[in-house]
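In: Need the 3D shape of this:
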Amino acid sequence: MSYKSTYYSLILFHILLLSVVIFPTGEARASADIVNPKQVYSYSVMQRDIEKLANEYPDLVSVRTLGQTAYGRQLWAVKLGRGDSVLFLNGSHHAREWMTTALLMKMIDTYAQSYTLDKSIGPYKIREILNRVSIWIVPMVNPDGVTLSQQGTAGLPKNAAAMLSRYNRGSADFTRWKANMQGLDLNRQYPANWSTMKNAVSYPNYQNYRGTKPVQAPEVKMMMDFTYKIDPDITISYHSSGEIIFWNYRTLPANLARDWEIASSLARLTGYNLVRPEKNPSGGGYKDWFIQEFGRPGFTIEIGNYAGESNLPLSAFGKVWNENRQVPLYTASQTYKLWLKRQNVQILNQHMSLFASTPVYQGAGTAASSSVTSPHDVLTLARKGDWYQIKTETGAGWIHPAPGQLGIVEEIGAEADIKQKAVLRKYPDAFAPKVAYLSSQSLKVTGRIGSWLRVDLGQGEWWLDGREVVLRWPVEPAKTDNAEEGAAAATEGAGAESAGPENAANSAGPDSTAPETTPAP
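Out: Numbers count the residues shown, from 1 in each chain. Below is the predicted model of the structure:
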């Protein structure tokens, strides 16, 4: 390259930098607390907070509804995390136990903040855990019952209010209410030895009515269907009160040591007592059904000092939070181990691009790394769960890349029009280190992975979220009639010869349904 061309290239690069603001890559921000658990935590407050959390953390928190209750309230499920393994938490099966909803919502808020800021809670690195595990949470299984327990029958039609008063044995005080608004005790509705359940009443009641058949309540049907769908390795049902942990329900002998080890760790974390397994347990609960149906660890954790037939006082929350704030983090680490153990090895033999320095391990899931590999094109030999075996200079090793650090780049040629301030990142992920802010301009796009675009700044290639820009493809010149006739004649002259390299390349344009993919240069 001549001195003059080098000079003009440098001028062009510095002009481009005028519209780029470089800043330290460690910068991260998170909002102030969204969830206030020290209040009567109602269904409407929960809905508001769920919406705020999803808006504040769109790449970490997602929301779906499982359906509606008999009174039209939604059963909300919140996903926190980015991993393929699943931990499932739920609360407020029983109406008066609504502090469990506040506890779960506080967990979502705290963990999302810590992930964004790349912080730890105790010994647990939140980003590492939530990159491996997705925690699904149904904070309020019984929204109708919770609303009745908190607000009484105010606003209900007279006939409905009279019916619920009968179910409450004539009392106008609904703070003791456990059932849904049909008088069904949801935690006695699951098909786990339902017919032989103990201490069940035979009529709709504020507590302990199991119904006329299992899965009679729509809330229970939704919970079972959702559990099958997400296929969790561990579940925790939060209840109150008593500071005890149920961990066994006719558990198979082969699983006793596994479940006992996790339960004992939960007892040490919380300071709660483990309930000794009964010879003939009652059944009908969510934890009972999960253990029996899936053969995996399931737990019921009763928070707070025993409060009798009432909700826990708001003053109890601070202690409850301190006892339980690490529980899902420990349990998520165990969830990941169980999930990874179930994964089969898949043969790949596929070229991929590694975008960040990554430790290399001797096996999938092993604790100690033997070396570190730098960003480069790698040959991935196999996959087990979210681990990849790659070819190395000394043979083969296993890597465990974070989201966005490993992928297949589709080579493209296009322009990205930035209409408002956008962020450049080191690799294609919303939580990758930030490289620069970009103002309104157009940039050359050389590749993409999903919605992420690789852009060329002249002196380096970084990544841009394609959802924030307008992508423009080059317009091919229109062919004239003479050109089409000439092309047809050339084709006839070539006979059965195959298309040359230029024609082959043109056949796979931006609108091709199967674009060619190659490793990034």
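
In: my read: T270 touches I245, true?
Out: Yes - applying CB atoms under 8 Å as the test, T270 and I245 come out as touching, 7.3 Å apart. In short, each C-beta sits where N, CA and C put it, glycine included.

In: So for the two, which residues contact both of them?
Out: I301 (CB atoms under 8 Å, 6 or more residues apart in numbering).

In: which outside residues touch stretch 323-337?
Out: 81, 83, 85-87, 89, 103, 107, 110-111, 121-122, 124, 126, 129-130, 132-133, 135, 232-234, 236, 243, 262, 265-266, 269-272, 297, 301, 303, 365.

In: Buried residues in it, which are they?
Out: 323-336 (16 or more other CB atoms under 10 Å).

In: Same check on stretch 290-303?
Out: 290-292, 294, 296-303.

In: Adding distance to I412, write those residues out as a markdown table.
Out: Converted to a markdown table, these look like this (distance: CB to CB, whole Å):
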| residue | distance to I412 |
| --- | --- |
| F290 | 46 |
| I291 | 50 |
| Q292 | 52 |
| F294 | 44 |
| R296 | 44 |
| P297 | 46 |
| G298 | 48 |
| F299 | 49 |
| T300 | 52 |
| I301 | 51 |
| E302 | 56 |
| I303 | 53 |
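
In: Narrow those residues to those in helices?
Out: Mapping these onto helices (DSSP state H) picks out 290-292, 294.

In: and of those residues, the nearest to T446?
Out: F294 (46.6 Å; CB to CB).

In: so who does that closest one touch?
Out: By CB under 8 Å, 6+ apart, F294 lies in contact with T227.

In: now the residue most central in space within the chain, which residues is it bridged with?
Out: The centre of the chain sits closest to G81, judged by CA atoms, centre = their mean, with a distance of 3.2 Å. Beta-bridge pairing of G81 under DSSP bridges involves S134.

In: Isn't it up against I135?
Out: Yes - G81 lies in contact with I135 (CB under 8 Å); the separation is 5.2 Å.

In: Pop the domain breakdown of this structure in here.
Out: 44-149+176-339, 343-406, 409-521 (automatic domain parsing).

In: avg pLDDT for the shortest one?
Out: Taken as a whole, domain 343-406 has a mean pLDDT of 95.

In: same thing with the longest one?
Out: Predicted confidence along domain 44-149+176-339 averages 98 (mean pLDDT).

In: And that domain, end to end?
Out: 35 Å (CA to CA, to the nearest Å).

In: okay if I get the domains of the chain as CSV plus distance to I34?
Out: Shown next, in CSV, are the domains of the chain (distance: least, CB to CB, whole Å):
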stretch, distance to I34
domain 44-149+176-339, 5
domain 343-406, 23
domain 409-521, 19
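
In: any idea which of the ones you listed is most buried?
Out: domain 44-149+176-339 (a mean of 20; mean count of other CB atoms under 10 Å).

In: one step back: out of the contacts of stretch 323-337, list just those in strands.
Out: If you go by DSSP state E, the contacts of stretch 323-337 have 81, 85-87, 89, 121, 124, 133, 135, 234, 236, 301, 303 in strands.

In: Now do the helices in the stretch 251-400 of the chain.
Out: In the stretch 251-400 of the chain, the helices defined using DSSP state H, counting those that start in this stretch lie at 253-270, 286-294, 317-324, 327-342.

In: Figure out which of the ones you listed is closest to L381.
Out: helix 327-342 (17.9 Å).

In: quick one: that closest one to helix 253-270, angle?
Out: Helix 327-342 runs at 150 degrees relative to helix 253-270, counting by axes from the mean of the first three to the mean of the last three CA atoms, to 10 degrees.

In: will you turn the buried residues of stretch 323-337 into CSV that also has distance to S369?
Out: As requested, the buried residues of stretch 323-337 are exported to CSV (distance: CB to CB, whole Å):
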residue, distance to S369
E323, 34
N324, 33
R325, 30
Q326, 26
V327, 29
P328, 27
L329, 22
Y330, 23
T331, 25
A332, 22
S333, 18
Q334, 22
T335, 23
Y336, 17
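
In: wait, which of those is closest to T116?
Out: Once CB to CB is applied, the member of the buried residues of stretch 323-337 that ends up nearest T116 is L329, at 15.9 Å.

In: how close does that closest one sit to K419?
Out: 40 Å (CB to CB, to the nearest Å).

In: thinking Y41 is in contact with M105, fair?
Out: Yes - when contacts are counted by CB under 8 Å, Y41 is listed as touching M105 (7.2 Å).

In: Ends of stretch 147-160, what's the gap?
Out: End-to-end distance (CA to CA), stretch 147-160: 14 Å.

In: Give me the distance from stretch 319-336 to the chain's centre.
Out: 16 Å (CA atoms, centre = their mean, to the nearest Å).

In: actually stretch 226-243, not the one I typed
Out: 16 Å.

In: And for stretch 365-374?
Out: Using CA atoms, centre = their mean, the offset of stretch 365-374 from its chain centre is 26 Å.

In: cool, stretch 107-117 as well?
Out: Taking mean C-alpha positions (CA atoms, centre = their mean), stretch 107-117 and its chain are 12 Å apart.

In: Please export the C-alpha coordinates of that stretch as PDB.
Out: Written as PDB, here are the backbone C-alpha positions of stretch 107-117 (Å, rounded to 0.1, in the frame of the first residue of the first chain):
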ATOM      1  CA  MET A 107     -35.500 -13.100  44.000                       C
ATOM      2  CA  ILE A 108     -36.300 -12.300  40.400                       C
ATOM      3  CA  ASP A 109     -35.500  -8.600  40.900                       C
ATOM      4  CA  THR A 110     -32.300  -9.200  42.900                       C
ATOM      5  CA  TYR A 111     -30.900 -11.900  40.600                       C
ATOM      6  CA  ALA A 112     -31.600  -9.800  37.500                       C
ATOM      7  CA  GLN A 113     -29.800  -6.800  38.900                       C
ATOM      8  CA  SER A 114     -26.800  -8.900  40.000                       C
ATOM      9  CA  TYR A 115     -26.600 -10.600  36.600                       C
ATOM     10  CA  THR A 116     -26.600  -7.200  34.800                       C
ATOM     11  CA  LEU A 117     -23.900  -5.900  37.100                       C
END
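
In: And G458, what's its pLDDT?
Out: 80.

In: Also the one 4 residues further on?
Out: Note for W462: predicted pLDDT of 96.

In: start at 26 instead
Out: Yep, numbering from 26; the last one is W487 now.

In: In a strand, it, correct?
Out: Yes - when DSSP: H, G, I helix; E, B strand; the rest coil is applied, W487 is found to be in a strand.

In: Quick check: closest non-adjacent residue to it.
Out: L449 (4.3 Å; CB to CB, 6 or more residues apart in numbering).

In: gap between the one you found and L299?
Out: Taking CB to CB, one finds L449 at 51 Å from L299.
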